[in-house]
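*Asks:* have a look; sequence and predicted model below, questions after that.
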Amino acid sequence: MGFCCFGAFESSKEKSREQEEEIGTSNVKLFSYNSLRSATSLFHPSNKVGGGGFGVVYRGILRDGTRAAIKILSSDSKQGTKEFLTEINMISTVRHPNLVQLIGCCVEDKNRILLYEYLENNSLSSVLLRPKGKGVHLDWPKRVTICMGTASGLAFLHEEANPQIVHRDIKASNILLDENFHPKIGDFGLAKLFPDNVTHISTRVAGTVGYLAPEYAMLGQLTKKADVYSFGVLILEIVSGKSSSMAAFGEDLLVLVEWAWQLKEEERLLDLVDPELTEYPAAEMLRFIKVALFCTQAASNHRPSMKQVLDMLSKDVNLNEKLLTEAGVYRRYTSQHTGGKETRGNKQSNPSVSSNHLDSFQSVTTILPR
Ligand SMILES: Nc1ncnc2c1ncn2[C@@H]1O[C@H](COP(=O)(O)OP(=O)(O)O)[C@@H](O)[C@H]1O
Ligand SMILES: [Mg+2]
């Protein structure tokens with residue numbers, strides 16, 4: 001793919017070449033800052049479609065008429081730059097119908113901007129976790145499509161991408177929805193590549209509380225199973241229409257995973273279902289909830305792989321609940337609450353973990369051989 005729009009670079013061709021080398025963007029289209037300013041009507045607030053941990057996202061129309069999501073990363077920190085490099089390298093090498101497609105980037109001066117295909121229905125969190133009664137109703141078939149598509153994108157990252165990729169930040173605001181509510185995984189800013197010969201890497205924790213696998217949150221052990229855990233939490237949110245970031249379920253104010261586990265113990269799993277969902281096949285619903293419970297088990301080696309998850313979701317199989325072991329939950333603060341009947345040993349808060357979105361960009365990643 002060729003480069004374009006260098007007109008607005010005030011620097012020499014030499015510098016442009018340096019920048020290309022720096023980010024290794026030989027297969028990524030480059031855009032000038034000016035062209036993005038025009039595409040977004042000077043980054044007009046009415047074109048803002050999102051903002052997360054690392055910048056603001058605008059809707060824009062490019063010169064050729066293509067709609068794009070234009071993600072401006074905060075440029076003044078090293079974190080922003082590292083984030084940018086990770087994301088661009090990551091996403092430019094992978095292609096799958098359930099992964100958001102990169103259109104190009106802008107690396108002018110301090111600006112670090114990513115351009116993605118624009119997804120009409122924004123993110124799953126904006127649709128699912130909106131104030132009740134507002135906006136689109138996500139019926140059960142749509143929710144099934146979202147679960148299956150996300151599982152499929154994640155299975156691709158884990159098993160087929162080369163090198164394999166752990167996303168590390170699977171959550172509702174990073175699942176984008178196209179005009180037909182088909183999901184695409186976005187936001188690769190925290191993703192890590194897994195070389196072939198390693199099973200896990202030790203790293204400082206990054207991610208979002210509420211979706212964090214306990215072994216990853218507390219010990220920094222990152223495996224694909226940390227993504228599987230987050231995916232399990234996501235299924236519970238999709239089924240219940242409730243956010244995992246609140247600790248507000250049942251009499252004991254449990255977190256979502258704990259609540260699901262308690263309902264399983266009390267054999268009333270269907271109480272979890274979003275009251276807005278009036279029609280659904282009970283057997284399929286129960287299967288999805290059980291898959292979520294398999295994914296969120298405390299013992300990471302008991303969790304299925306994403307390929308197995310896909311099979312469990314798509315085939316009309318009877319999942320043996322007896323094989324389920326207790327759910328694991330990471331809470332930021334020590335708590336007496338448990339989802340099951342016994343007290344779990346993984347409840348201590350981690351003093352190094354202090355905000356909802358955990359950053360670890362100065363971290364050194366150690367690769368542990370198999
Ligand atoms: N391709 C896109 N199409 C439509 N909306 C998007 C797109 N990418 C991001 N957004 C919106 O912007 C928000 C933040 O984007 P994201 O890539 O997750 O950035 P951050 O790193 O700040 O979390 C998303 O939750 C979504 O609402
Ligand atoms: Mg995000």
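*Replies:* Right, received. Where do you want to start? Numbering: from 1, shown residues only. Ligands and ions are numbered 1, 2, ... in the order given.
*Asks:* for this protein, which residues are neighbours of ligand 1?
*Replies:* Contact residues, the chain versus ligand 1 (CB under 6 Å from any ligand atom): 49-50, 52-55, 57, 69, 71, 100, 116, 118-119, 122-123, 126, 173-174, 176, 186-187, 189. Every residue, glycine included, has its C-beta placed from N, CA and C.
*Asks:* for the stretch 101-250 of the chain, which residues are neighbours of ligand 2?
*Replies:* By the rule CB under 5 Å from the ion, the part of the stretch 101-250 of the chain lying against ligand 2 is 174, 187.
*Asks:* which residues in the stretch 101-250 of the chain form strands?
*Replies:* Ranges of strands in the stretch 101-250 of the chain, per DSSP state E, counting those that start in this stretch, are 102-106, 112-117, 164-166, 175-177, 183-185, 192-194, 198-202, 207-208, 221-222, 247-249.
*Asks:* got CSV for these, with mean pLDDT and mean neighbour count too?
*Replies:* Converted to CSV, the strands of the stretch 101-250 of the chain look like this (pLDDT from 0 to 100; neighbours: other CB atoms under 10 Å):
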stretch, mean pLDDT, mean neighbour count
strand 102-106, 90, 23
strand 112-117, 91, 22
strand 164-166, 89, 22
strand 175-177, 98, 26
strand 183-185, 98, 24
strand 192-194, 65, 18
strand 198-202, 67, 15
strand 207-208, 72, 26
strand 221-222, 86, 22
strand 247-249, 70, 17
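*Asks:* now those strands as JSON lines including distance to Ser314?
*Replies:* Converted to JSON lines, the strands of the stretch 101-250 of the chain look like this (distance: least, CB to CB, whole Å):
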{"stretch": "strand 102-106", "distance to Ser314": "28"}
{"stretch": "strand 112-117", "distance to Ser314": "26"}
{"stretch": "strand 164-166", "distance to Ser314": "22"}
{"stretch": "strand 175-177", "distance to Ser314": "18"}
{"stretch": "strand 183-185", "distance to Ser314": "15"}
{"stretch": "strand 192-194", "distance to Ser314": "25"}
{"stretch": "strand 198-202", "distance to Ser314": "27"}
{"stretch": "strand 207-208", "distance to Ser314": "27"}
{"stretch": "strand 221-222", "distance to Ser314": "27"}
{"stretch": "strand 247-249", "distance to Ser314": "28"}
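*Asks:* which among those is found nearest to Asn320?
*Replies:* Minimum separation from Asn320 across the strands of the stretch 101-250 of the chain (CB to CB) falls at strand 247-249, 25.6 Å.
*Asks:* next structured bit after the closest one?
*Replies:* strand 254-255 (DSSP states H and E).
*Asks:* can you list the strands that that next one pairs with?
*Replies:* If you go by DSSP bridges, strand 254-255 pairs up with strand 247-249 (antiparallel).
*Asks:* re the thing from before, ok, which of the strands of the stretch 101-250 of the chain comes nearest Met90?
*Replies:* Judging the strands of the stretch 101-250 of the chain by CB to CB, what sits closest to Met90 is strand 164-166, at 6.4 Å.
*Asks:* which helices and strands does that closest one pack with?
*Replies:* The contact analysis (3 or more CB pairs under 8 Å, 6 or more residues apart in numbering; DSSP states H and E) places strand 164-166 against strand 192-194, helix 224-240.
*Asks:* direction included, what does it pair against?
*Replies:* For strand 164-166, pairing defined by DSSP bridges yields strand 192-194 (antiparallel).
*Asks:* ok, back up a step: quick one: closest of the strands of the stretch 101-250 of the chain to Leu138.
*Replies:* strand 175-177 (9.2 Å).
*Asks:* chain center to that closest one: distance?
*Replies:* Put simply, strand 175-177 sits 9 Å off its chain's centre (CA atoms, centre = their mean, to the nearest Å).
*Asks:* measure stretch 32-47 end to end?
*Replies:* One end of stretch 32-47 to the other measures 19 Å (CA to CA, to the nearest Å).
*Asks:* cool, and stretch 264-282?
*Replies:* 15 Å.
*Asks:* any buried residues in it, and which?
*Replies:* By neighbour count on 16 or more other CB atoms under 10 Å, the buried set for stretch 264-282 is 264, 269, 272-274, 277, 280.
*Asks:* CSV for those residues, including secondary structure?
*Replies:* Shown next, in CSV, are those (DSSP: H, G, I helix; E, B strand; the rest coil):
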residue, secondary structure
Lys264, helix
Leu269, helix
Leu272, helix
Val273, coil
Asp274, coil
Leu277, coil
Tyr280, coil
